[in-house]
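In: build me a model:
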Amino acid sequence: MKKLLALILLLLPVLASAQQAVVKGVRLWVAPDYTRLVFDTSSPVEHSIFALPEPERLVIDVKNTRLEGPMPPLHEGAQRVRAIRSGVREGQDLRVVLDLNRPVNPKSFVLRPNRQYGDRLVVDIYDKSEAGASTAQPKKVMDQEGERDVVIAVDAGHGGDDPGALGRHGTHEKNVTLAIARKLAEVIDAEPGMKAVLVRKGDYYVGLRQRMAIARQNRADLFVSIHADAFRDPRVRGASVYTLSRRGASSEAARWLAESENASDLIGGVSLEDKDEVLASVLLDLSQTAALEASADVAQRVFRQLGRFGPVHSNRVQQAGFMVLKSPDIPSILVETAFISNVSEERHLKDPNHQAELAQAIMTGIRGYFRVSPPPGTLMASHADRRYVIEPGDTLSGIAQQYRVSLNSLRDLNGLNSDQIRVGQTLLIPAGS
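Out: Residues are numbered from 1 along each chain as shown. Below is the predicted model of the structure:
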C-alpha cells in the first residue's frame, strides 16, 4: 500500500503537466487605436489580467498553461508595447508581462475554434486617452465652414487575425481587399471635391460595428466595403454588389431604438436623445429609407461598371444582412470583387494592374452617383451637372457634340445602356462642359 501511495505521489506532477493547456503560438497585431495580442491555445483557458504603474506594465496570467515557442517580435508600429517577456508562475501557470510606453486600458476575451484557428485568448490594449480622441475628429469635421468634400469611407474586409477567405494558391482575402481599398482611396482622392477615408490602413482587425463607427466619426457620405468571395465550387466566378436587405434594416432599427447608447447618436444629423419613442421611430425610418434608396442607386451604378470591366456573378444587385451595411444614416454597399476560390480570379486579384482597373470601375460608379446626387454644402453640389430636356429631333450623339462631352460619359452619367432617348426625358450633362 505504501509503495502504491508513493507511486501516485510521484506521478501527480506528471499527470498535472499532461493536463496543462499549451500556448502554441503568439501573434501581435497593431492598429491605429489599439494593439492586439493573440494566444493560440490547445484548449480553452482561464486567465486574469491587470496593469501595474511606475513603470507601466500589463500582466497576463494564464492558468495551468505552458508556453511552447518564443514570444512574437516587436516591430516599429508597436507604439504601446516596449517589450514582452514570459515566465512560469506557481509551477503551473504562464505569466506574460508587457512593458508599456504609456498607461493603457486592456480588454481580454477567449474565442472558440473556427475554420482558420483553434482556441484563442485575445488581449486588446487601448490607450487611456483613446475615448477622448475619438470625438475630436467628428467635431473638427462639423466645425469646418464652406463647401466641403464628399467623404467616402473605404473598408477593406477582414484583417489581422481574421484572414477571410483563402485562395487555392494561398492568397488571403484580407491582403487583396486592402490593396484594392488603397487603390480605390487613391482615385477618390484624385477626384476634385472628393475625399477617401480608409477604415483599415494596415494588417489588423477592426470590429464590424467599429467600421461603421469610423465612417460616422468621419461624417462619411458613402460606405464602401471591399471583399473577395469564396465558394466550394472553384468554377464559380464574377463580381457582386450588395446592399442591406429590408429585413436587416428592420432588425437594426429595433436595436437602435432599444439600446440606450444610441439615444444620443446622430441619425442624419438629428439626435434621438430628446425625442419620444414614436418620433424617434419615424425619424429613424425616414433616415433608413433615404439611405437604402441611395445605396440602391450607388450599387446599381457600381454593378453596371463592374459588368463592363469583367464577369459578374449574377444579373442584378444583391441584398443581404451584412453587419457593415447597417448604418442607418450612411448609404452603404459591399463589393465582392471576385471569387478568390477561382484560380484565374485569384491570380487577377493579386495583380496590381487588375486591382487598379477594378478600383477605377468602382470609382466610375461612385462618381456617377454623386454627380447626380451631390450632398448639400459640398463642392460637388456647387458644380452640379446641368440638366437637358430632350426635344423632338434630338439624338444622344448630337447632344454630346453640342456640349462637347464624350458619348460614353453621357451614357455613364445617365445610366444608359444604349443611345435610345425619348422626348421629354431629362438628361444630365457632365459638369465642366
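
In: can you find the helix or strand in the protein with the smallest mean pLDDT?
Out: Least confident element among the helices and strands of the chain, by mean pLDDT, DSSP states H and E: helix 136-143 (a mean of 38).

In: tell me the first helix or strand C-terminal of that helix.
Out: strand 150-156 (DSSP states H and E).

In: what is the distance between that next one and the centre of its chain?
Out: Put simply, strand 150-156 sits 9 Å off its chain's centre (C-alpha atoms, centre = their mean, to the nearest Å).

In: what does stretch 118-127 give?
Out: Computed by C-alpha atoms, centre = their mean, the chain-centroid distance of stretch 118-127 equals 19 Å.

In: what sits opposite the residue nearest the centre of the chain in the beta ladder?
Out: The centre of the chain sits closest to D155, judged by C-alpha atoms, centre = their mean, with a distance of 3.7 Å. Beta-bridge pairing of D155 under DSSP bridges involves S225.

In: contacting residues for it?
Out: Contacts for D155 (C-beta atoms under 8 Å, 6 or more residues apart in numbering) come out as 181, 199-200, 211, 215, 223-226, 324. (Glycine included, C-beta is placed from N, CA and C.)

In: buried members of these into PyMOL, please.
Out: Per 16 or more other C-beta atoms under 10 Å, the buried members of the contacts of D155 correspond to this PyMOL selection:
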select buried, resi 181+199+200+211+215+223+224+225+226+324
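
In: okay, the contacts of D155 in JSON lines with pLDDT next?
Out: Shown next, in JSON lines, are these (pLDDT from 0 to 100):
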{"residue": "A181", "pLDDT": "97"}
{"residue": "V199", "pLDDT": "96"}
{"residue": "R200", "pLDDT": "94"}
{"residue": "R211", "pLDDT": "93"}
{"residue": "A215", "pLDDT": "93"}
{"residue": "F223", "pLDDT": "96"}
{"residue": "V224", "pLDDT": "97"}
{"residue": "S225", "pLDDT": "96"}
{"residue": "I226", "pLDDT": "96"}
{"residue": "V324", "pLDDT": "89"}
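
In: any chance of the contacts of D155 in JSON lines, with distance to I362 too?
Out: As requested, these are exported to JSON lines (distance: C-beta to C-beta, whole Å):
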{"residue": "A181", "distance to I362": "10"}
{"residue": "V199", "distance to I362": "15"}
{"residue": "R200", "distance to I362": "17"}
{"residue": "R211", "distance to I362": "17"}
{"residue": "A215", "distance to I362": "16"}
{"residue": "F223", "distance to I362": "13"}
{"residue": "V224", "distance to I362": "7"}
{"residue": "S225", "distance to I362": "11"}
{"residue": "I226", "distance to I362": "8"}
{"residue": "V324", "distance to I362": "16"}
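
In: now, the contacts of D155 that are in helices?
Out: 181, 211, 215 (DSSP state H).

In: excluding its backbone neighbours, what's nearest the last one?
Out: Think A215. Once flanking residues are discounted, A215 sits nearest to A153: 3.7 Å by C-beta to C-beta, 6 or more residues apart in numbering.

In: equivalent analysis for the first one, please.
Out: Of all residues not flanking A181 in the chain, A156 sits nearest, at 3.8 Å (C-beta to C-beta, 6+ apart).

In: for the one you found, list the residues it contacts.
Out: By C-beta under 8 Å, 6+ apart, the contact set of A156 is 174, 177-178, 180-182, 198-200, 226.

In: report pLDDT for the residue nearest to A215.
Out: As predicted, A153 sits at a pLDDT of 97.

In: what's it in contact with, if anything?
Out: Residues near A153 by C-beta under 8 Å, 6+ apart: 196-197, 199, 214-215, 218, 220, 222-224, 330.

In: from the residues you listed, which land in strands?
Out: 196-197, 222-224 (DSSP state E).

In: so what sits opposite the nearest residue to L325 once chain neighbours are set aside in the bridge?
Out: Nearest residue to L325, sequence neighbours excluded (C-beta to C-beta, 6+ apart): L244, at 4.0 Å. Using DSSP bridges, the bridge partners assigned to L244 are A320.

In: tell me how many other residues surround L244.
Out: Look at L244: counted by other C-beta atoms under 10 Å, it has 27 neighbours.

In: gap between it and T289?
Out: 12 Å (C-beta to C-beta, to the nearest Å).

In: for P32, same thing?
Out: 34 Å.

In: likewise for I49?
Out: Per C-beta to C-beta, I49 is found 44 Å from T289.

In: neighbour-wise, which of the two wins?
Out: Between I49 and T289, counted using other C-beta under 10 Å, the more crowded position is I49 (17 against 12).

In: how's this structure carved up into domains?
Out: 18-132, 135-372, 385-429 (automatic domain parsing).

In: any chance of the ones you listed in JSON lines, with distance to L379 too?
Out: Output for the domains of the chain, formatted as JSON lines (distance: least, C-beta to C-beta, whole Å):
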{"stretch": "domain 18-132", "distance to L379": "27"}
{"stretch": "domain 135-372", "distance to L379": "4"}
{"stretch": "domain 385-429", "distance to L379": "14"}
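
In: which strands and helices sit next to the longest helix anywhere in the chain?
Out: Longest helix in the chain, counting residues (DSSP H): helix 277-309. When contacts are defined as 3 or more C-beta pairs under 8 Å, 6 or more residues apart in numbering; DSSP states H and E, helix 277-309 packs onto strand 240-244, helix 246-258, strand 266-267, strand 332-339, helix 352-372.

In: rerun that using 6 Å as the cut-off
Out: When contacts are defined as 3 or more C-beta pairs under 6 Å, 6 or more residues apart in numbering; DSSP states H and E, helix 277-309 sits against strand 240-244, strand 266-267, strand 332-339, helix 352-372.
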